[in-house]
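J.: The following comprises the amino acid sequence and a computationally predicted model.
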Amino acid sequence: MRIGIPKEIKNNENRVAITPAGVDAFVKTGHQVMIETNAGLGSGFTDEDYAAAGATILQKAADVWANADMIMKVKEPLSSEYGYFRDGLILFTYLHLAAEPELTRALMEKGVTAIAYETVEVNRTLPLLTPMSEVAGRMATQIGAQFLEKPYGGKGILLGGVPGVKRGKVTVIGGGIVGTNAAKIAVGLGAQVTIIDLNPDRLRQLDDIFGSDIQTMMSSPFAIAEAVAESDLVVGAVLIPGAKAPKLVTESMIRSMKPGSVVVDVAIDQGGIIETVDRITTHDDPTFVKHGVVHYAVANMPGAVPRTSTIALTNVTLPYALQIANKGAIRAVQENKALLQGVNVAAGSVTYKAVADSLGHEYVPVEKALEKLPSVL
Ligand SMILES: NC(=O)C1=CN([C@@H]2O[C@H](COP(=O)(O)OP(=O)(O)OC[C@H]3O[C@@H](n4cnc5c(N)ncnc54)[C@H](O)[C@@H]3O)[C@@H](O)[C@H]2O)C=CC1
Ligand SMILES: CC(=O)C(=O)O
């Protein structure tokens, strides 16, 4: 199979979908890898590194897209890339389609087989989301702590306090991978940490992990309102796989926070859980202030630490990408249930139920959609 790796074009997105080690693995199993020039530079990998591993370096993104059977990316294609879509193309990347109606329509209209990293599922875990959630969770507290500083618009507190001065309060809503990692850093800084989740088993696990370092609370509008009002920093870390995120933090809850407090809505890639976050922000201009509260809503947080993130991401995506390359997309997803659950769009239909429901499209089970595809894929 011919695998194409374009350079990422999202604001400050310095990750790349493959490392030289990944190229080596593809080439050694008989595949061809084409990579856009300088695609890896932001992550510290040069064209020479990729060429030495056996990749062909192409000067233009258009040539990478046009010559590849499968495109591997990090972030969802932007509108300027929709023109590269074509019938039969396999796209393997983060997609977050519940928050991307136009992209979904373009993939459907052009007959792309779109496999989303974030919905590949193994035993109710999301192995291709996990490493980036680890990165974003850790960053969320680090970033929140920075924006609490006065020069960054915050109320001017140190989360850990100092002897004789109260510690700051951090509320993490959603105690999964992002939430646990945000809490880890917050506890490490010495903050007072509350984690809110809907799943009692998860709350028990968190209690076992953190002991008396944190407070756990069952999720309800009442509990969230109470915790948010008292918090210096709120981290939004809820996920309902594939679906648009529920708006759990309302505008009146944000109004109840003290001026200079900070909210970091990590779940923004699925639409966000904070009602007052009405736009995605970028690493260039990451915050805005509403009701006196600093809002951070960057949808590609790990893009700011690309070296760590590229290696962590490709560690988990490569084994699945190799299966697609070795067997073709149809047989690979038929033989691997985890990968099957990654298929969001195929043969012009939405094949992931939560995405179809969120966007009002008809849901077509993957197996049925695959019957319409030519067996060469
Ligand atoms: N902005 C960015 O750069 C990044 C964003 N993310 C996003 O962060 C979000 C969280 O991801 P993960 O932690 O990996 O998901 P996860 O599935 O590990 O955790 C989600 C948690 O939310 C909980 N939950 C569901 N409904 C809830 C409710 N009503 N109230 C409280 N908790 C609720 C679940 O029980 C689960 O524990 C996702 O949208 C993911 O895509 C992940 C990485 C980077
Ligand atoms: C998960 C995701 O969308 C990211 O790492 O950018």
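T.: Arrived safely. Ligands and ions are numbered 1, 2, ... in the order given.
J.: what's the neighbour count on the residue in the stretch 1-150 of the chain positioned nearest to ligand 2?
T.: Closest residue of the stretch 1-150 of the chain to ligand 2, Cβ to the nearest ligand atom: M132 (3.3 Å). C-beta: built from backbone N, CA, C; applies to glycine. By other Cβ atoms under 10 Å, the residues close to M132 number 26.
J.: again, but for P221
T.: 11.
J.: now stretch 15-32: how far from the chain's centre is it?
T.: Relative to its chain's centre, stretch 15-32 lies at 22 Å (Cα atoms, centre = their mean, to the nearest Å).
J.: Tell me the buried residues in that stretch?
T.: By neighbour count with 16 or more other Cβ atoms under 10 Å, stretch 15-32 contains the buried residues 15-20, 22-26, 31-32.
J.: Kindly report the same for stretch 234-247.
T.: So for stretch 234-247, counting by 16+ other Cβ under 10 Å, buried means V234, V235, G236, A237, V238, L239, P241, G242, A243, K244, A245.
J.: Would you map out the domains in this protein?
T.: Listed by automatic domain parsing, the domain ranges of the chain are 2-111+306-370, 130-304.
J.: So which of those domains is nearest V122?
T.: domain 2-111+306-370 (4.7 Å; Cβ to Cβ).
J.: now, which of the buried residues of stretch 15-32 lie close to ligand 2?
T.: Subset of the buried residues of stretch 15-32 in contact with ligand 2: empty, counting by Cβ under 6 Å from any ligand atom.
J.: want to try JSON lines for those residues, with distance to M139, pLDDT and secondary structure as columns?
T.: What follows is those, written out as JSON lines (distance: Cβ to Cβ, whole Å; pLDDT from 0 to 100; DSSP: H, G, I helix; E, B strand; the rest coil):
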{"residue": "R15", "distance to M139": "13", "pLDDT": "97", "secondary structure": "coil"}
{"residue": "V16", "distance to M139": "19", "pLDDT": "98", "secondary structure": "coil"}
{"residue": "A17", "distance to M139": "20", "pLDDT": "98", "secondary structure": "coil"}
{"residue": "I18", "distance to M139": "23", "pLDDT": "98", "secondary structure": "coil"}
{"residue": "T19", "distance to M139": "21", "pLDDT": "98", "secondary structure": "coil"}
{"residue": "P20", "distance to M139": "26", "pLDDT": "98", "secondary structure": "helix"}
{"residue": "G22", "distance to M139": "24", "pLDDT": "98", "secondary structure": "helix"}
{"residue": "V23", "distance to M139": "28", "pLDDT": "98", "secondary structure": "helix"}
{"residue": "D24", "distance to M139": "30", "pLDDT": "98", "secondary structure": "helix"}
{"residue": "A25", "distance to M139": "29", "pLDDT": "98", "secondary structure": "helix"}
{"residue": "F26", "distance to M139": "30", "pLDDT": "98", "secondary structure": "helix"}
{"residue": "H31", "distance to M139": "34", "pLDDT": "98", "secondary structure": "coil"}
{"residue": "Q32", "distance to M139": "35", "pLDDT": "98", "secondary structure": "strand"}
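J.: Let me know the closest of these to ligand 1.
T.: Using Cβ to the nearest ligand atom, those come closest to ligand 1 at R15, 10.7 Å.
J.: returning to that earlier point: how about the secondary structure of the nearest residue to the residue of the stretch 1-150 of the chain closest to ligand 2 once chain neighbours are set aside?
T.: Distances taken as Cβ to Cβ, 6 or more residues apart in numbering place P302 nearest to M132, at 4.9 Å, with adjacent residues excluded. Here P302 takes the helix state, with states given by DSSP: H, G, I helix; E, B strand; the rest coil.
J.: How are the strands of the stretch 151-300 of the chain distributed by residue range?
T.: Chain-ordered strands for the stretch 151-300 of the chain, with DSSP state E, counting those that start in this stretch as the definition, fall at 169-173, 192-197, 214-218, 233-236, 262-265, 287-290, 293-296.
J.: One more: the stretch 1-150 of the chain?
T.: Using DSSP E, counting those that start in this stretch, strands in the stretch 1-150 of the chain cover 2-5, 32-36, 56-58, 70-72, 90-93, 113-116.
J.: Partner strands of the longest one, with direction?
T.: Yep, that's strand 32-36 we're talking about. If you go by DSSP bridges, strand 32-36 pairs up with strand 2-5 (parallel), strand 56-58 (parallel).
J.: closest to ligand 1 out of those strands?
T.: strand 2-5 (20.4 Å).
J.: List the buried residues for that closest one?
T.: R2, I3, G4, I5.
J.: Return the residues of the stretch 201-350 of the chain in contact with ligand 2.
T.: D269, N300, P302.
J.: Now tabulate those residues in JSON lines and tack on pLDDT and neighbour count.
T.: Shown next, in JSON lines, are these (pLDDT from 0 to 100; neighbours: other Cβ atoms under 10 Å):
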{"residue": "D269", "pLDDT": "93", "neighbour count": "27"}
{"residue": "N300", "pLDDT": "95", "neighbour count": "25"}
{"residue": "P302", "pLDDT": "96", "neighbour count": "24"}
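J.: and the stretch 251-377 of the chain, which residues reach ligand 1?
T.: Residues of the stretch 251-377 of the chain lying near ligand 1 (Cβ under 6 Å from any ligand atom): V266, A267, I268, D269, Q270, V298, A299, N300, M301, P302.
J.: out of these, which is most surrounded?
T.: Counting by other Cβ under 10 Å, top hit in those: V266 with 32 neighbours.
J.: for the closest residue to V33 other than its chain neighbours, what are its contacts?
T.: Nearest non-adjacent residue to V33, counting by Cβ to Cβ, 6+ apart: A55, 4.4 Å away. A55 sits next to I5, P20, V23, V27, V33, M34, I35 when contact means Cβ atoms under 8 Å, 6 or more residues apart in numbering.
J.: For those, work out which two are farthest apart.
T.: Checking these with Cβ to Cβ, the most distant pair is P20 and M34, at 14.2 Å.
J.: which stretches of this structure form helices?
T.: 20-28, 47-53, 61-67, 101-110, 130-147, 177-189, 200-210, 221-230, 251-255, 306-327, 329-335, 337-340, 353-359, 366-370 (DSSP state H).
J.: Appreciated, that's everything.
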